[in-house]
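K.L.:
How does the following fold in three dimensions:
(4 chains)
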Number of protein chains: 4
Amino acid sequence: MEVEIATIGGYEEVGRQCTAVRAGDDVVIFDMGLNLSKVLIHDNVETEQMHSLDLIDMGAIPDDRVMSEIEGDVQAIVPTHGHLDHIGAISKLAHRYDAPIVSAPFTIELVKQQVQSESKFEVDNDLIKMDAGETMQIGDDTELEFVNVTHSIIDAINPVLHTPEGAVVYGLDKRMDHTPVIGDPIDMDRFREISREEGVLAYIEDCTNASKKGRTPSERVAREHLRDVMMSLEDYDGGIVATTFSSHIARVKSLVEFAQEIGREPVLLGRSMEKYSGTAERLGFVDFPDDLGMYGHRKSVDRTFKRIMKEGKENYLPIVTGHQGEPRAMLTRMGRGETPYDIEDGDKVIFSARVIPEPTNEGQRYQSEQLLRMQGAHIYDDIHVSGHLSQEGHYQMLEALQPENVVPAHQNLENLAKYVDLCESEGYNLGDDVHLSRNGNVIQLTE
Amino acid sequence: MEVEIATIGGYEEVGRQCTAVRAGDDVVIFDMGLNLSKVLIHDNVETEQMHSLDLIDMGAIPDDRVMSEIEGDVQAIVPTHGHLDHIGAISKLAHRYDAPIVSAPFTIELVKQQVQSESKFEVDNDLIKMDAGETMQIGDDTELEFVNVTHSIIDAINPVLHTPEGAVVYGLDKRMDHTPVIGDPIDMDRFREISREEGVLAYIEDCTNASKKGRTPSERVAREHLRDVMMSLEDYDGGIVATTFSSHIARVKSLVEFAQEIGREPVLLGRSMEKYSGTAERLGFVDFPDDLGMYGHRKSVDRTFKRIMKEGKENYLPIVTGHQGEPRAMLTRMGRGETPYDIEDGDKVIFSARVIPEPTNEGQRYQSEQLLRMQGAHIYDDIHVSGHLSQEGHYQMLEALQPENVVPAHQNLENLAKYVDLCESEGYNLGDDVHLSRNGNVIQLTE
Amino acid sequence: MEVEIATIGGYEEVGRQCTAVRAGDDVVIFDMGLNLSKVLIHDNVETEQMHSLDLIDMGAIPDDRVMSEIEGDVQAIVPTHGHLDHIGAISKLAHRYDAPIVSAPFTIELVKQQVQSESKFEVDNDLIKMDAGETMQIGDDTELEFVNVTHSIIDAINPVLHTPEGAVVYGLDKRMDHTPVIGDPIDMDRFREISREEGVLAYIEDCTNASKKGRTPSERVAREHLRDVMMSLEDYDGGIVATTFSSHIARVKSLVEFAQEIGREPVLLGRSMEKYSGTAERLGFVDFPDDLGMYGHRKSVDRTFKRIMKEGKENYLPIVTGHQGEPRAMLTRMGRGETPYDIEDGDKVIFSARVIPEPTNEGQRYQSEQLLRMQGAHIYDDIHVSGHLSQEGHYQMLEALQPENVVPAHQNLENLAKYVDLCESEGYNLGDDVHLSRNGNVIQLTE
Amino acid sequence: MEVEIATIGGYEEVGRQCTAVRAGDDVVIFDMGLNLSKVLIHDNVETEQMHSLDLIDMGAIPDDRVMSEIEGDVQAIVPTHGHLDHIGAISKLAHRYDAPIVSAPFTIELVKQQVQSESKFEVDNDLIKMDAGETMQIGDDTELEFVNVTHSIIDAINPVLHTPEGAVVYGLDKRMDHTPVIGDPIDMDRFREISREEGVLAYIEDCTNASKKGRTPSERVAREHLRDVMMSLEDYDGGIVATTFSSHIARVKSLVEFAQEIGREPVLLGRSMEKYSGTAERLGFVDFPDDLGMYGHRKSVDRTFKRIMKEGKENYLPIVTGHQGEPRAMLTRMGRGETPYDIEDGDKVIFSARVIPEPTNEGQRYQSEQLLRMQGAHIYDDIHVSGHLSQEGHYQMLEALQPENVVPAHQNLENLAKYVDLCESEGYNLGDDVHLSRNGNVIQLTE
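P.N.:
Numbers count the residues shown, from 1 in each chain, chains lettered A, B, ... in the order given. This is a model prediction of the structure:
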């Protein structure tokens, strides 16, 4: 059976991830992501109104025109998890395919919300929930399976397409976490089993941290770090504010729990805080305290801040958006004095996140910190672990899967190259069984 | 009563710490440290044979000639903990004073060993062990007390000189650790009590991390990080080697325990590994497994390595010296292939330490890693937390002590200045109640 | 005679420079600067409308309330050169003093323009032009002299207050340039003469580059570098755009000349380009081609761009504002496609400036470059030399002046400290003859 | 005619450059370089005694075993210039080929010296001098031509193999310099002519600076920078010492000339200083003053230093080896006080070089500077320009040559990738007409 991989997007950048795998007549598309930075650099762009071709030209969404060269029918669109760089283009591209969107429950829910906010296209593909460990028939001889992995968002999976020629493992976006704070550990046993029983024809891998030595620590390590910081503030009787990635439910959960341990009422503020945590709670992924407040709308946020100011800042832990210093996020607005919450001398601001290392972010985050400091705030930062494999995780994956072919993804060429180096040290050879691809290419694996 | 502080050494560098406090007729000297880098930059210098004046000229040991200006009798020499930059000059300078050396038990033991290896001077000052929480009369109205603190070596204390004018707190070298792995948490209650009941005339503070945001994590966080790394290697069936600061007993203990948890026999190798861990065990600070091997002499080390090679590297965890890539340390020798231990493709080397950020160290460490990698080793690094307060710890100390005067120490001028900035944000004023001093100055606090 | 120095502003930051020197009953104020970054971090602040006390609270202009402690009459306000951090607060503070503003002709012209744009206060101090080499009587026994220096703006001087106790040299903002492109070399002979004949009581020095090794190169080196770049583009037949500091007339002159050498018509675009170059030409400091276009108003700029597009970009060199990526500057607007000038694939953009190293600038400059690159532009950057002395210049000044007292200025404490280190290596001692001061302090030099 | 390129060495590192081009039955080998860092990391390795296979295993010299797969006869071995990474393996590999070594005169002379110092192998290949602009017949239809280029060593060329299928241009190691201080400017006209008249089948390019924005400045810019530094020291009456790359004759010449301009006698000290400058002068490449002293042997160096100390350091400019802080070089020995030259307080040391950015170098250079500073020396560093093309030079070469195929070389994969990015922005496509190769691969260009 012919198996080929179309590397549609995310092979020249981090952002618009998209890969199609054809096995015989059947095609599965993994991820349809958005490169948000290509949108934000322009003022006043509202993607909801934009046509997909314009977004392709901007480099914001995958250029899926290569799909016309793929001879087969798309049977499923499979996002691996709910981050925008993996689902953000579904509302612009999915309607072109007569295929359901298949994903883990939390991801499906986020896809649903995204599709609803789209105003240009009608996206009415079926939405199918499938859990890690489950499988779905794709073609006569091909089957889709979800293997549980661990990432900085809940319900992340690595999809595997089982073909007569061996398994194709789409390995994007994971950390090898044996003690995640929410959910099950990464299912390394299943990866090893697939390799042993069936053989892995190809492994498509996320190269984000390919140049980082050692191992990405477990979320449990970030949790202990965070606990240490928050316990050290137990006696502080002024304001404490925390921020993290809204979609990082495990971290939000830790913040909520430690707030209670030091005698403060946690409250989630900001549109995306409300969205992700609300969704996670509704679907039963996390068991927040019954009375945990989550507010997204400006008015209810302001009302909450007024209540906090009235009842005493020392009784609350606002958990807010703005970890990257985004100009319109809640924490930045707090720094500018645009909310009813007064930051006073000695108040603490906890960034349970790291700055995404790009000058625009760094400048915005710096400004946000400066504004907070000008009001007397003390900053705790970098209480975080990455969601992506470092070098030793990559080695362990290669050892577990023993793939015949490796396809580096999720980076620009220079960072793909670093992962190629790593593969070569394990005996692979560039151009032979490691494939350096570009957006829009097709790699033929078997004939 | 006249109280003055002579800032003898470590006020223009990190290294040769030395401070004298006079209260009336009585003087206490805190620390007599060695600046090792001033020795190592010269080839073939053997300090054991050198005269103190030459070492002073090299900038290696404190220039205590300012003591002739201090009108009073030295009643005690008080090292705060056992690191060389605090005790390393005792063998060259202590014999000039007719006073006992008073310190915590572990430190006294290390002082004893250091004095024994000295061949130029006869140092026969009395050695007096005093535990944290205990006190000793110094003059008629002055008393010395040890307050328990937490640092990257066990049995660290902050000495306090109680005078009729208030307490003088010598605050060098600590982290605010509420969950240290060995020993008691930092005794913040006692600091607060001293401030409340007696008042703090002066606080001498270590500025090492004065420009570092946030809080230095507890040793417990480093331990969880280390646990995460070692558990992830549970299935590896080749060689694993670990290195850390030899004097960091809590870290060595964690390494020993996790080795056992993953089914390996830990063994300590290298002269200083044997020295510090042996001493700690003998004094009862740590309870190592009965059969834990510790070998310092070349022959016994080689014998151990041969045994490991014979019985299988997968059964052992050598814990060795060489975390900074020191050219003659064990790990560097292993990298050079100068020991019977063969590093093979895929073997793991764990640096539970960070590189001290100075180009010489960075170059040596890089070379050591290169040599290890040329043999196929995989490197895990930076599994560590600092032993020094970051900004928020400094804020908390100032709040606890409310000192009348602050004297920044343990850095060059530029880093002392960063701590002055921090003090000024708390209401202190440079030249008024924050004193920027230089080696050899005397600060008069009361008349 | 009593001589004292009030360190009013710029002793805790770079920005709002201001220093007063009293000799007997007479006082001279050197510089009244603006810290623009304290204004820009707030959205929508219009300083023209603001009261001085609010600007003082923001940290934007010097807090001159310490002047009430100085017993003497202000006889002159003396800005050293025309940069905003030296003249930008004149419109908010000068009217409080019954004293003329005395400065070099180019500076006076810029002060005049600044005062005219002020809408809150009426500033009607006399404006007196005085050239380098000239003197003015201040009190019976004190005289003000201007010594010619070289900086990144023309007509910069170092004022010297001659007193019976020796000269006070206010040494801010210079490079030791023996081959400036415009104007005379720095007058080291006069500095040496003052030292020899009269003695220097105090030297107030700019510490900006005190940690930079070696020597700041002459403007001539930047010019040769720029020439090399522009000559290499002689054959390029598309668009070339250059940007630099608008007030850097020597650099603008080089850009204009090299444009002509490679057969292009230079044209200056942007409000501040027109302002500074127009002023310099009108005062005869520079001899531009008769037909050199300078346009500041939006309409005339757009008209010029349309002409360029019509007659061919290959015939022009637009020299524009925007070297730091300022969001509203001309080059940033060109990057956003908001001007009629089309940047096409392969067009060159020359930044004859370096990014001021602060995350906000770095982020904005990065965004500007990204926008330019997205249109195909090629970037040449860093074709520049600093306007401030590096370490070896500092050594040469100390040697020339042999001052009795040194007062580091123009930086935060940590960078002042670096210069103190340098002075100490020349035999000065902190707290003795090197004075680390803070905003609002007074240093008594003689009694 | 079949044309293929064997990428033998330097495609995974900077160091052991080696590339073979086969056109029909005839093969030319370009460069046979040494990766010195792979030798130096081991203590006590003497390459003169070593066998080539051991050096191949160490990664020190090219692994030319791939040559057995190339069906054709080697007709010439062609080093492009005299740096060790291009000629250093000739003494270990050239004797295996029955072919002359053809190079520019200065390079041939250095090859001759290198071969003479070899003690393991007898290398007696013919040495043929050929000047830039000249050609040599290789096969019936193929011809070798040398095109003049500019680099940080004199007499550098880019060899071109003219084949019936088009020219193969081997483009390693050049800067686009239109005003070199010695020799002719780069011959861009000839490159354009080859492209126009014959077409370029393949271009092999050095990617060293592929990530560096803008243009590498001309040597003339470095010369003006150096002049500015040295003129500023005209009045200094103590010691001045300079160091630079020994093989950088243009820079040495500038140092010699400026020494004379400030009234000092230049003298070249150190083995490689004597070797390169002596050779250049003997061959007539540079016209040094008749009495310019050059001393390499320890005894004559010491004698010279004694003379300098006796006659006054203010009369001399020693130009010495040691710009990277190499432990055994002259300047490092001076820092350690191992020579009769006393460095005194205020003496100047000029590094007309930049540190090669690798931690080992950085550590060694730091140590060297520390030792010099401990004696009071003032350091001027970084007075230098690179010898390699930056991005804009790469663009100009691609435009001049319009090659059908591009082969990035002279870097590791990650840096090759950066150049691939650049090529892709010019319309090339990876895997199509840009070839990412590894050591030991063969690229078939035509059949």
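K.L.:
Could you pull up the residues touching A:Ile154?
P.N.:
Contact partners of A:Ile154, counting by Cβ atoms under 8 Å, 6 or more residues apart in numbering or on different chains, are A:106, A:182-183, A:249-250, A:280, A:285-286. C-beta here means a position set from N, CA and C on the backbone, and glycine is covered the same way.
K.L.:
So which of these are in helices?
P.N.:
Using DSSP state H, the subset of these located in helices is A:106, A:249-250, A:280.
K.L.:
Which one of those residues is nearest to A:Val420?
P.N.:
Minimum separation from A:Val420 among the ones in helices among the contacts of A:Ile154 (Cβ to Cβ) is found for A:Ala250, which lies at 31.9 Å.
K.L.:
Just the pLDDT at the closest one, thanks.
P.N.:
Here the pLDDT value assigned to A:Ala250 is 98.
K.L.:
Next: A:Leu416.
P.N.:
On the pLDDT scale, A:Leu416 gets 97.
K.L.:
now whatever helix or strand it lives in against helix D:413-425, angle please.
P.N.:
Assigned by DSSP states H and E, A:Leu416 belongs to helix A:413-425. In terms of direction (axes from the mean of the first three to the mean of the last three Cα atoms, to 10 degrees), helix A:413-425 departs from helix D:413-425 by 140 degrees.
K.L.:
Give the full set of residues in contact with the closest residue to chain B within the stretch 301-447 of chain A.
P.N.:
Across the stretch 301-447 of chain A, the shortest distance to chain B (Cβ to the nearest Cβ) belongs to A:Tyr380, at 3.9 Å. By Cβ under 8 Å, 6+ apart, A:Tyr380 lies in contact with A:229, A:348-351, B:213-215, B:392.
K.L.:
just the residues you listed now: which is nearest C:Ile56?
P.N.:
Closest to C:Ile56 out of these is A:Val349 (26.5 Å), distances taken as Cβ to Cβ.
K.L.:
what about that closest one, how many neighbours?
P.N.:
By other Cβ atoms under 10 Å in any protein chain shown, the residues close to A:Val349 number 25.
K.L.:
and the ones in helices among the contacts of A:Ile154, which are buried?
P.N.:
A:106, A:249-250, A:280 (16 or more other Cβ atoms under 10 Å in any protein chain shown).
K.L.:
Greatest separation within the residues you listed: which pair is it?
P.N.:
Across these, the longest distance by Cβ to Cβ is 12.2 Å; it joins A:Phe106 and A:Ala250.
K.L.:
Am I right that A:Ser37 is in a helix?
P.N.:
Yes - assessed by DSSP: H, G, I helix; E, B strand; the rest coil, A:Ser37 belongs to a helix.
K.L.:
Does it touch A:Thr360 like I think?
P.N.:
Yes - the pair A:Ser37 / A:Thr360 is scored as a contact, 7.5 Å apart, by Cβ atoms under 8 Å.
K.L.:
Quick one: mean pLDDT over the following helix or strand past the helix holding A:Leu416.
P.N.:
Next in sequence after helix A:413-425, counting helices and strands by DSSP H and E, comes strand A:441-446. Average pLDDT, strand A:441-446: 97.
K.L.:
Stretch A:188-200 now?
P.N.:
Here stretch A:188-200 scores 98 as its mean pLDDT.
K.L.:
contacts for that stretch?
P.N.:
Contacting residues not belonging to stretch A:188-200 are listed as A:133, A:147-148, A:160, A:162, A:166-169, A:176, A:396-397, A:400-404 [Cβ under 8 Å, 6+ apart].
K.L.:
Give the buried residues for stretch A:286-305.
P.N.:
Under 16+ other Cβ under 10 Å, the buried positions of stretch A:286-305 are A:286, A:288, A:292-296, A:301-302, A:304-305.
K.L.:
In JSON lines: these, plus distance to chain D.
P.N.:
Putting the buried residues of stretch A:286-305 into JSON lines (distance: Cβ to the nearest Cβ, whole Å) gives the following:
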{"residue": "A:Val286", "distance to chain D": "40"}
{"residue": "A:Phe288", "distance to chain D": "44"}
{"residue": "A:Leu292", "distance to chain D": "46"}
{"residue": "A:Gly293", "distance to chain D": "48"}
{"residue": "A:Met294", "distance to chain D": "44"}
{"residue": "A:Tyr295", "distance to chain D": "45"}
{"residue": "A:Gly296", "distance to chain D": "41"}
{"residue": "A:Val301", "distance to chain D": "43"}
{"residue": "A:Asp302", "distance to chain D": "46"}
{"residue": "A:Thr304", "distance to chain D": "48"}
{"residue": "A:Phe305", "distance to chain D": "46"}
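K.L.:
Which residue, neighbours along the chain excluded, lies closest to A:Gly431?
P.N.:
Sequence neighbours aside, D:Leu436 is the residue nearest to A:Gly431 in space, at 7.4 Å (criterion: Cβ to Cβ, 6 or more residues apart in numbering or on different chains).
K.L.:
gap between that neighbour and D:Tyr419?
P.N.:
Here D:Leu436 is placed at a distance of 10 Å from D:Tyr419 (Cβ to Cβ, to the nearest Å).
K.L.:
Comparing these two, which shows the higher neighbour count?
P.N.:
Between D:Leu436 and D:Tyr419, counting by other Cβ under 10 Å, D:Tyr419 is the more crowded of the two (28 against 23).
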